[in-house]
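S.K.: Quick one, structure for this:
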Amino acid sequence: MRITWLILAHRLFVYPLLFLAIRGFAALNPKLKRYFKVRKGRYWRKVTAPKNAIWIHCSSGELEYAKPLIRRLKKKGEKIVVTYFSPSVEQALNNMPEIDLVLPCPFDTRRSMQDFTTWLQPKVLFIARTDVWPEMLFQTKKQKIKAYLFSATLSDENAKIKNHLTRIIFQHLFAWLDHIYCVAVADADNFKQKLNIQQVTISGDARYMQCLYRLHSLAPLELQKAKSPSIVFGSTWLEDEMVIFPVLHRLQDLGFNCVLVPHETYPKKMLLLLQRLKEIGQEAHLLSQSTDPLNESLLIVDKVGILANLYTEADIAFVGGSFKSSVHSVMEPLAAGCNVIVGPEHHNSREALEFKHIEENGIHLVHVIENSEDLYKIVKKCLETDMSTVRTRIEQEVEIKNIAAKKGLELLVQATI
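M.R.: Prediction:
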């Protein structure tokens, strides 16, 4: 395979500058220190490469998109090697028994990538969502290893198509992929029309599969069921709480139990939170100190890792981050059947953007609010509606997405044959 202007620029200028920048910041960042620590020498040569394995690359949080594919391929009897970019996902990968070998992705240099792909000689390479590297693709193409990008998105605001230069770069880069599997029609259209990449198929959003799998796998909380309707305020920040707190009393007067799950749960944060609530005359109980948590009028959750459980017990979910900078996961409460409320900062969430346009019995499946009074009015309106039909509609819409993702997953599996 001939060396192109892109790979030449990457080798001589782009990657050396990026490498030096990361190396410089590593002195101040423990994660970046580990990034270099685990990549000393040809570390992959210290272990035996599984024969005829499938190589899956996940940068970090992209693992959530890859988990259904990993489980499906293992069920098929495949050997699986997963590489990662960020050390933050290392532990999660090591905890997956379906994976045969976990390795940090080599530096994207000619020498490292050439040796790694020669050593591994995988059947195919699957790249989850975004983390596409020039040398990685150049070497797989050179060695006739098929490479696929899956769960890919390309919105109108994506930096890859924002200007003429980036369009040229990514058009050239994506052309080295054998196929791109997109989340939605709009993504496929942008790949085809904006980047002139035609080897594109719509395969759905694998996170719906992962979300439902996780919900069905949750260990029960073993708490008494709530006797009143409940609203969970999930993963909240100070900016969200400034909107929530002024109407807590009024929400309780409507008959709702309120469950507040702060994004940060360290002891100092809990003390400050309780103090702020006390100043507005609001009595609250910590989960760690309550004997009947789900029946407290206001419960403060001072434990991590149970938000998904709480969504399954809730009628309404307010998702935090939406008054700060970007909303947290909207898909998780939707998958649990909750009617969802978000603030103005929700445009990073495709689910929020899509489900806010869907109605059932005059109720949107995702509500967008601007202030405390909006929050109260929406909750009051929900209370006056048959919420069981709304929940059913949410579950139906989620299942439609789940079925589409399952069909898309089989397309990926067929690509390994």
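S.K.: same question for the one helix or strand Ile127 maps to, mean pLDDT?
M.R.: According to DSSP states H and E, Ile127 maps onto strand 124-128. Strand 124-128 carries an average pLDDT of 98.
S.K.: what separates it from the chain centre, distance-wise?
M.R.: Using CA atoms, centre = their mean, to the nearest Å, the distance from the centre of strand 124-128 to the centre of the chain it belongs to is 18 Å.
S.K.: by contact count, what packs against that strand?
M.R.: Contacts defined by 3 or more CB pairs under 8 Å, 6 or more residues apart in numbering; DSSP states H and E place strand 124-128 against strand 54-58, helix 63-75, helix 134-142, strand 146-152. Using the backbone N, CA and C atoms, a C-beta is placed for each residue, glycine as well.
S.K.: In the sheet, which strands lie alongside that strand, parallel or antiparallel?
M.R.: Paired strands of strand 124-128, with direction, are strand 54-58 (parallel), strand 146-152 (parallel) (DSSP bridges).
S.K.: Let me have those in TSV, extended by mean pLDDT.
M.R.: Below are the strands paired with strand 124-128 laid out as TSV (pLDDT from 0 to 100):
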stretch	mean pLDDT
strand 54-58	98
strand 146-152	97
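S.K.: show me what contacts Phe19?
M.R.: Phe19 sits next to Phe107 when contact means CB atoms under 8 Å, 6 or more residues apart in numbering.
S.K.: what angle do the host helix or strand of it and helix 134-142 make?
M.R.: Assigned by DSSP H and E, Phe19 belongs to helix 15-26. Helix 15-26 and helix 134-142 are oriented at 130 degrees to each other (axes from the mean of the first three to the mean of the last three CA atoms, to 10 degrees).
S.K.: pLDDT (mean, whole number) over the helix or strand following helix 15-26?
M.R.: Later in the chain than helix 15-26, the nearest helix or strand by DSSP H and E is helix 30-37. Helix 30-37 shows a mean pLDDT of 85.
S.K.: by contact count, what packs against helix 30-37?
M.R.: So helix 30-37, by 3+ CB pairs under 8 Å, 6+ apart, packs with helix 15-26.
S.K.: Output the helix it packs on as CSV, restricted to C-alpha atoms.
M.R.: The C-alpha trace of helix 15-26 is given here as CSV (Å, rounded to 0.1, in the frame of the first residue of the first chain):
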residue,chain,number,x,y,z
TYR,A,15,1.6,12.6,16.0
PRO,A,16,5.1,13.7,17.2
LEU,A,17,3.6,17.0,18.3
LEU,A,18,0.6,15.2,20.0
PHE,A,19,3.0,12.8,21.7
LEU,A,20,5.1,15.6,23.1
ALA,A,21,2.0,17.5,24.3
ILE,A,22,0.7,14.4,26.1
ARG,A,23,4.1,13.6,27.6
GLY,A,24,4.3,17.2,28.9
PHE,A,25,0.9,17.0,30.6
ALA,A,26,1.7,13.6,32.1
